[in-house]
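Engineer: here you go, sequence then predicted model.
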Amino acid sequence: MSQLANKLWPRILDRWILPGGDYLFGQDMMKRFHYLEEAQWWDRERIYAERDQALTKLIQVAYKEVPFYRDLMDQARVKPEHIKIHSDLQRLPIVTKEMFRQHYPHATVRTTGQKQYEVRTSGSTGTNFCVMEDRRTAGWHRSSFLLALQWAGWKLGEPHLQTGMTLQRSLDRKLKDVFMRCHYVSAYNLTDANLDRNLDLIDHHNLFHVWGYPGSLYFLARRALQTGFSRKFRSIVTWGDMLYPHYRKTIEKAFAARIHDTYGCAEGIQIAAQCGNGTAYHIHALDAVVEFVDDNGQHAVAGQPGNLIITRLHAGPMPLIRYRIGDVGISCGEEKCECGRELDLLQSIQGRETDAVLTPHGNRLIVHFFTGILEHFPEVDSFQVIQETIDSMLIRIVPSTKFTKDLETRIVQSLQEKGALGLRIDIETVNEIPISPTGKRRFVISHVSKSDQSLNVV
């Protein structure tokens, strides 16, 4: 693009193209985004009032239109009018993935007047889980993600590199990539040759923004340092996996910019993001209510780890109310950020421990390599990957239906086609995935030495 086009493009996107896309796909993303741009600077009292108003409407819709929640509330002897502010949520039971799975979709899904589609996710637990979504729900959480990108220093329409798992792009995603000037590359092909191609792409298109899974950006940064690649980026945004301290150190060293980490879930919720002041995360308080509870379901005090319980304030086809997401986090309590935003703060997320599997061909298979493939096999209820040697790995699978030899062959073939070349892949069906002594269920475990995996900080 010419310099003039570069200057005009953000305005054209903001005023014409993206609103037109919202009209075409029924998302309302930009309308919501501009609302959030203003609302982020409200005082805390006004934010809470707006949040509680949305919560009241959500509870009414869920009780009236979703049998799952109506039954839960009736059993708890709670009526919609009893839930007026966020603290009233404690009167309702906490719900889990297993509870949803037992009643999905007949009792958990409502009609919204839009075409609905199923989203399958393994999340951070390795257990397949389905939610129903529509375009308006997608637009809701995408608008919050746009806001987080703005916090990181990106401006609408600036070209960028994104690592991701969905290389077969749907029409709306292809259009998004074109209009948003997104160069979308694989997050699981992490061979040196492909990393070099990605660095060349960054140079060729003069990109100053890079986003994606921490594991994929870490290996890209390591390769940049090894090859002498030098570029000062304007934004680095991460999501999806645990951002380990050595990941952050290496990425920021290679790309000369601060990482802005974001936290959300594939169930259709953007939960929190870093603004760049300090290390805490701003909770998207107009999108979700975040509770921190101990193992007995009681409120966890600020500064202490608590199970994250999420209520999405947009009902969508499948409301999520007091949903135990499976992660652990720490609240900052009443603290406020120096940036001036009075959104509540989340000190840290502690519940997504992961490993990378190294192949004999030099590829590194991060967590989302496995979840991105196995979530498309409904016969897989949950799984765990164990690498004992550099040339082999074992996948333990808890089947949801009859598990055949043909299915095993198709899973192995899919993994190898996507990047697990040179590995002997053994599959073992089991009744359950064991819990670690810490109480967490790690679903990718590597016993290959860290020196072999080249995971030490550069």
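Structural biologist: Good, I have the coordinates.
Engineer: what number of residues lie near C332?
Structural biologist: Other residues within reach of C332, judged by other Cβ atoms under 10 Å, total 18. Every C-beta, even on glycine, is put in place using the N, C-alpha and C of the backbone.
Engineer: show me the contacts for D28.
Structural biologist: By Cβ atoms under 8 Å, 6 or more residues apart in numbering, D28 lies in contact with 22, 136, 139-140.
Engineer: give the rounded mean pLDDT of stretch 117-132.
Structural biologist: Per-region confidence: stretch 117-132 scores 75 on mean pLDDT.
Engineer: 32 is where my numbering starts, stick with that
Structural biologist: Will do, 32 is the new start, and the previous item becomes stretch 148-163.
Engineer: mind putting the contacts of D59 into TSV with distance to E406, neighbour count and pLDDT?
Structural biologist: Below are the contacts of D59 laid out as TSV (distance: Cβ to Cβ, whole Å; neighbours: other Cβ atoms under 10 Å; pLDDT from 0 to 100):
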residue	distance to E406	neighbour count	pLDDT
D53	28	20	92
R167	23	21	95
G170	23	21	95
W171	22	24	95
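Engineer: JSON lines please, covering the residues you listed and showing distance to V140.
Structural biologist: As requested, the contacts of D59 are exported to JSON lines (distance: Cβ to Cβ, whole Å):
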{"residue": "D53", "distance to V140": "24"}
{"residue": "R167", "distance to V140": "15"}
{"residue": "G170", "distance to V140": "19"}
{"residue": "W171", "distance to V140": "17"}
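Engineer: strands of the stretch 32-181 of the chain, start to end?
Structural biologist: Using DSSP state E, counting those that start in this stretch, the strands of the stretch 32-181 of the chain run over residues 147-152, 160-165.
Engineer: looking at the ones you listed, which is closest to Y219?
Structural biologist: Y219 lies closest to strand 147-152 among the strands of the stretch 32-181 of the chain, at 16.4 Å (Cβ to Cβ).
Engineer: what's the angle from that closest one to strand 160-165?
Structural biologist: Taking axes from the mean of the first three to the mean of the last three Cα atoms, to 10 degrees, strand 147-152 and strand 160-165 form an angle of 150 degrees between their directions.
Engineer: other SSEs contacting strand 147-152?
Structural biologist: Applying 3 or more Cβ pairs under 8 Å, 6 or more residues apart in numbering; DSSP states H and E, one finds that strand 147-152 contacts strand 160-165.
Engineer: contacts for the strand it packs on next, please.
Structural biologist: 57, 128, 131-132, 135-136, 139-140, 143, 145-154, 298-299, 347-349, 351.
Engineer: please list only the buried members of the residues you listed.
Structural biologist: Buried residues within those, counting neighbours by 16 or more other Cβ atoms under 10 Å: 57, 128, 131, 135-136, 139-140, 143, 145, 147, 150, 152-154, 298-299, 347-349, 351.
Engineer: filter those down to the ones in helices?
Structural biologist: Using DSSP state H, 128, 131 are the members of the buried ones among the contacts of strand 160-165 that sit in helices.
Engineer: wasn't P391 part of a strand?
Structural biologist: No - counting by DSSP: H, G, I helix; E, B strand; the rest coil, one finds P391 to be coil, located in no strand.
Engineer: quick one: it and S423 touch, right?
Structural biologist: No - using Cβ atoms under 8 Å as the test, P391 is too far from S423 to be in contact (9.6 Å).
Engineer: joint contacts of these two?
Structural biologist: Residues touching both P391 and S423 (Cβ under 8 Å, 6+ apart): L454.
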